[in-house]
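**Student:** my questions are about this predicted structure, shown below with the sequence.
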Amino acid sequence: VRDNVIMLLTILQNDFVIPEFHEFTHHIKAIFENCRDNREGAPASYIPQLARFDPNYWAVSICTIDGQRFNCGDYHVPFCLQSTSKPLNYAIALTELGCDEVHKSVGYEPSGISFNSIALNDNKRPHNPMVNSGSIIICSLIRRMEHLADRFDYVMQEYKRMAGNEYLGFNNPTFLSERETADRNFALAYYMKENGCFPPGTNLKETLDFYFQLCSVEVNCESAAVIAGTLANGGICPLTGEPVLSPEAVRDTLSLMHSCGMYDYSGQFAFKCGLPAKSGVSGVILLVIPNLMGIALWSPPLDKQGNSCRGIQFCKELVAKFNFHNY
Ligand code: DON
């Protein structure tokens, strides 16, 4: 009841973080339309489940920290989280174990090389939790249950809470294809095992399955925006008011999204857009404007760095229009 009264007062006093939300969304719609004309890039082709996506799909969704929503385009079409699962897994591990414990196993620095390179830092640890090697290690740290099935259930539950109980699914064909074509990830895992990167008792095969499964969790643009909104709101879901992630975990996650979230374009993205973001090969970008809103962008065609072409154009035009750049 108390939450409802507070919400009612917010509405009556128009006391929202973006009071002229309707006008704001007109500008968003205009940028969305500009980006629709972008015909560059192509959907990822390493598995049929990604290659089959219609390159015309394009969606933008917004969820502010006080729960105002805006969606346009193909925002109900499901797609897989892919690498946007990485910051979420990292935030879950941080919330559970704390920063010091997690960073015994993974570094803080951009790698300066491709996301799936077989390379470790000078301490023989993966460079950061946003590249494949680092995320595989993070998956090995989420182990408060003994069985993989329970671990998967637990992480799904946490994603669900971040998404305010909105759409989440699991794409089994993608999981099977990912596993089938994952020679590089297996090589990475064995290289890390050789270098003592995993906690004692880690089951390598199960850990990789867990990593592929979490990449294969489905969202749509609308639910992905709520997840981004939870990150924008210090770990409290803007729709349910539920504290899902610790504020410290969210701060650390956003810091590494800012420096390492956009593959080999991360430095340029930090320079040009100045916002924490994470992209995935399905064509999704989670963009966070801290203390204001989460934005999800989705369009399958990727540029040569692996980021959504329309998504990147949107980020640039958004910052040009509203100056959300941190500096
Ligand atoms: O591990 C892979 O190759 C993919 N499933 C990762 C997906 C992705 O978005 C690329 N990531 N950094």
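**Tutor:** All right, it came through fine.
**Student:** for the stretch 51-200 of the chain, what lies in contact range of the ligand?
**Tutor:** Within the stretch 51-200 of the chain, the residues that sit near the ligand (Cβ under 6 Å from any ligand atom) are 82, 83, 115, 116, 132, 178, 185. Placement of C-beta: from N, CA and C, glycine included.
**Student:** mind listing which of those residues are in strands?
**Tutor:** Of those, none are assigned to strands by DSSP state E.
**Student:** among the residues you listed, which are in helices?
**Tutor:** Counting by DSSP state H, the part of these found in helices is 132, 178, 185.
**Student:** now do the same for the first one: its pLDDT.
**Tutor:** Right, the one you point to is residue 132. The pLDDT attached to residue 132 in the predicted structure is 97.
**Student:** returning to that earlier point: rebuild the ones in helices among the residues of the stretch 51-200 of the chain next to the ligand as JSON lines, extending it with neighbour count.
**Tutor:** Written out in JSON lines, the entries for these read as follows (neighbours: other Cβ atoms under 10 Å):
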{"residue": "132", "neighbour count": "22"}
{"residue": "178", "neighbour count": "24"}
{"residue": "185", "neighbour count": "20"}
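**Student:** stretch 192-205: which residues count as buried?
**Tutor:** For stretch 192-205, the neighbour count (16 or more other Cβ atoms under 10 Å) marks 192, 197, 198, 202 as buried.
**Student:** stretch 27-40 now?
**Tutor:** Of the residues in stretch 27-40, those scored as buried under the neighbour-count criterion (16+ other Cβ under 10 Å) are 28, 31, 32, 35, 38.
**Student:** my guess is the second one meets residue 318, correct?
**Tutor:** Right, the one you point to is residue 31. Yes: in this structure, residue 31 sits in contact with residue 318. The criterion is Cβ atoms under 8 Å, and the distance is 6.1 Å.
**Student:** just the mean pLDDT for stretch 98-110, thanks.
**Tutor:** Model confidence over stretch 98-110 averages 98 on the pLDDT scale.
**Student:** that one: how far from the chain's middle?
**Tutor:** Taking Cα atoms, centre = their mean, to the nearest Å, one finds stretch 98-110 lying 18 Å from the centre of the chain it belongs to.
**Student:** same deal with stretch 140-153?
**Tutor:** Stretch 140-153 sits 20 Å away from the centroid of its parent chain (Cα atoms, centre = their mean).
**Student:** name the residue of this protein that lies nearest to the ligand.
**Tutor:** Distance from the ligand to each residue of the chain (Cβ to the nearest ligand atom) is smallest for residue 83, at 3.0 Å.
**Student:** neighbours of that residue, how many?
**Tutor:** Applying other Cβ atoms under 10 Å, we find 23 residues neighbouring residue 83.
**Student:** can you pull out the helices in this structure?
**Tutor:** For the chain, applying DSSP H gives helices covering 2-12, 21-36, 48-51, 85-97, 99-102, 132-141, 148-162, 172-180, 183-194, 204-215, 221-232, 247-260, 266-272, 309-322.
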